[in-house]
Structures are given as C-alpha cells and as structure tokens.
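Participant: 3D, please:
(one chain, ligands or ions: 1)
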Amino acid sequence: MASPMAGQLQDKVALITGAGRGIGAGIANVLVERGAAVAVCDLDGAAAQETADAINAAGGKAIGGAVDVTDPESLDHFAGRTISELGGIDICVPNAGVIGGRGFAERKDFTKQDWDMTFAVNVQGLTNTTDAVKEHMKDREQGKIVIIASHGGRKPRGIGDKGRGNAQHPYLVSKAAAIQYTHLLAMELGGYNINVNAVCPGRLWTPMWQAIAQNHKDLNPDFAEMTPYEIFIDQIKAIMPLGREQTPEDIGKTVAFLASDDSSEITGQAINVNGGAAFD
Ligand SMILES: NC(=O)c1ccc[n+]([C@@H]2O[C@H](COP(=O)([O-])OP(=O)(O)OC[C@H]3O[C@@H](n4cnc5c(N)ncnc54)[C@H](O)[C@@H]3O)[C@@H](O)[C@H]2O)c1
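Facilitator: Predicted structure coming up:
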C-alpha cells in the first residue's frame, strides 16, 4: 500500500470516483505517494472506505464515501464533504465506468440496457462529476480535471478481436463521447486556469476486462480452450507493441503528471497509456 512522501502533488486534494477497486484505487494510491490527500468514492461505499482506510493506515490522508455518479445530489454531497474535511478540491478524476448493462458477459449483441447504462454512467456520470467541482474550481481560478476515457473511444478497430460481436459498441461510443467532452470542457474552463485532459487506458486485468474476456470465451469457439486471462494476454500481444498489460499504477502515474504543475500548458488532450497500440 502506498505511503505518502513529499512530491509533485504536495498539499493538493484529489476527488476520485469509482475508487473502490481497479484503476480508481490505483490512481488514489499513486496520488497519495506524490503527496496528495484523496477523497475516494464509489457506488460500493464499503469498497471506497476500504481504499481510504488502507491509505490512512499507511500514513496518508483519505476520506471515503458512497456516491452514485448518476445521481448529482450524491456527488454534490461528497464534493461538499471533501471541501469541508480536506480544505478544497484541486484535482478531480472522473473514473467510474461500466462496460455494459447487467449480463453483458453473456451476450454477443448489445441491448438497450447496454446503451442506457454506459451513457448514464460513462457520459452523464462524467458530466455530473465535473459539474460537482467546476464552480468551486472556477471560484479559485485553479484546477485539474483528468478524465479516464479509453483508447477504445478513439478509432474503430479490428485486429485482435476476432469473433467479437457488437456488445461493446455502446461502451466504445460512450468513451468517444468522454474524449469529445474533454475537448469541450477544456475550452470552457481554460479561461479560469483549469486544465482538462483525458487518459486513455489500454487493457488492464480488472473486473471490467475479466467480464470482456469471459464474453469472448463464451461466445467464440476459438477461445474455448483458453482461460479468460490467456485470452486477455493473447489480445494484448495482437495489438500492443510492448506486448504487456497496463496496471492501475501506470494509469495513476499519467494522471499524476496531468494533475501536476509539470503539465500546466497541456489541456484538451487525450493521452493513450496503452503499450503503443495503434488501431487500423
Ligand atoms: N480495465 C480496462 O482495461 C480499461 C481500459 C480502458 C478504460 N478503462 C476505464 O477505466 C475506468 C475504471 O475501470 P476499471 O477497469 O477499474 O473498472 P472496474 O469495473 O474494476 O471498476 C469500476 C468502479 O466504478 C464503480 N462504479 C460503477 N458504476 C458507478 C456509479 N454509478 N457510481 C460510482 N461508481 C461506480 C464500480 O463500483 C467500480 O468500483 C472506467 O471508466 C473504464 O471504462 C478501463
């Protein structure tokens, strides 16, 4: 577990959504290592509290809470708590995301529920999150917003996903929307000295990709004899020059850079952290 040390984010406060596990928890740990205090929230409030407890036990500073990013009131409440308990919000990382609706792993074709869920969480949940912090950041004329999008939101792709149906279409379109929102919000907030950028992760072995790999295994006979993790690695080797999976800490390090003064002239950008995958 991360322990705090003086660093590029000393005395900053970061609010991170979807931080009960996976990439969000990894980002929280890296930001704490760089000196930030963190407010970690998740739909699973107990998981968020566990992330916060582990950081506090290691000597860092964290608060945790239950937040549903589709509910603006719960975000406003948590942002208010963060400001009163940690002194302000310097950094906001909208990270919470879903791959699809319930039962995604069992189907090849998308359903209306996949569109509804991905757009409610990955798009409106994102805008709800930035809405909850932007007036505060504007009043202070400073802020860093680092949106977790996906390299899948950039271009259509084929290589390495043999036999895949269209079940991921809603997710991929929602992540394209997140990238466009990054550009628009950067234009909206640049005059207030607020930087808005996105990180586009590649492939990480979190519960999200475990569901995708299970989806491939169940639906594609080519994968029948492989474990879900072998499928995940096989797909990575097919598209990523570096040939290896990314980790939550890899994403956290790029978030830390974009949340720091080292990147003060960078805004409106979407940066791939994906082992060099280039989509055809
Ligand atoms: N895992 C990957 O390979 C990968 C690749 C590219 C992008 N991403 C993106 O990174 C982000 C994190 O993904 P992950 O792999 O850690 O996923 P994950 O499923 O492991 O974790 C997502 C977290 O978000 C929370 N969450 C879901 N709905 C929520 C809601 N309505 N309100 C608040 N919290 C909610 C979940 O409870 C969970 O803790 C997502 O936005 C995802 O799209 C992941």
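Participant: can I take it that residue 266 is in a strand?
Facilitator: No. Residue 266: not assigned to a strand; according to DSSP: H, G, I helix; E, B strand; the rest coil it is coil.
Participant: could you point out which element follows the longest helix along the chain?
Facilitator: Looking across the chain with DSSP state H, the single longest helix is helix 169-189. Where DSSP states H and E defines the elements, the next helix or strand beyond helix 169-189 is strand 194-201.
Participant: can I get that following strand as CSV, trimmed to CA atoms?
Facilitator: Extracted in CSV, the C-alpha atoms of strand 194-201 (Å, rounded to 0.1, in the frame of the first residue of the first chain):
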residue,chain,number,x,y,z
ILE,A,194,-8.4,24.9,-15.2
ASN,A,195,-6.7,22.2,-17.2
VAL,A,196,-8.9,19.3,-18.6
ASN,A,197,-7.3,16.3,-20.1
ALA,A,198,-8.1,12.6,-20.5
VAL,A,199,-6.1,9.5,-20.0
CYS,A,200,-7.0,6.6,-22.4
PRO,A,201,-6.1,3.3,-20.7
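Participant: please state the offset of the following helix or strand past that strand from the chain centre?
Facilitator: Sequence order places helix 207-219 as the next helix or strand after strand 194-201, per DSSP H and E. If you compare the mean C-alpha spot of helix 207-219 with that of the full chain, they lie 19 Å apart, counting by C-alpha atoms, centre = their mean, to the nearest Å.
Participant: who touches helix 207-219?
Facilitator: Applying C-beta atoms under 8 Å, 6 or more residues apart in numbering, the external contacts of helix 207-219 come out as 21-22, 97-99, 104-108, 163-165, 167-168, 203, 223-224, 226-229, 231-232, 235. Yep, even glycine has a C-beta here, placed from its N, CA and C like the rest.
Participant: mind doing that once more with 6 Å?
Facilitator: Outside helix 207-219, the residues that touch it by C-beta atoms under 6 Å, 6 or more residues apart in numbering are 99, 105, 108, 203, 223, 228, 231, 232.
Participant: how many neighbouring residues does the fifth one have?
Facilitator: As a burial measure, the neighbour count of residue 223 was computed by other C-beta atoms under 10 Å and equals 21.
Participant: got it, and the first one?
Facilitator: Residue crowding around residue 99 was assessed by other C-beta under 10 Å; the count is 25.
Participant: do the one 5 residues further on as well
Facilitator: Around residue 104 there are 24 other residues, counting by other C-beta under 10 Å.
Participant: give me the distance between it and residue 271.
Facilitator: Residue 104 sits at a distance of 27 Å from residue 271 (criterion: C-beta to C-beta, to the nearest Å).
Participant: any idea how far apart the tips of stretch 116-123 sit?
Facilitator: End-to-end distance for stretch 116-123: 10 Å, by C-alpha to C-alpha, to the nearest Å.
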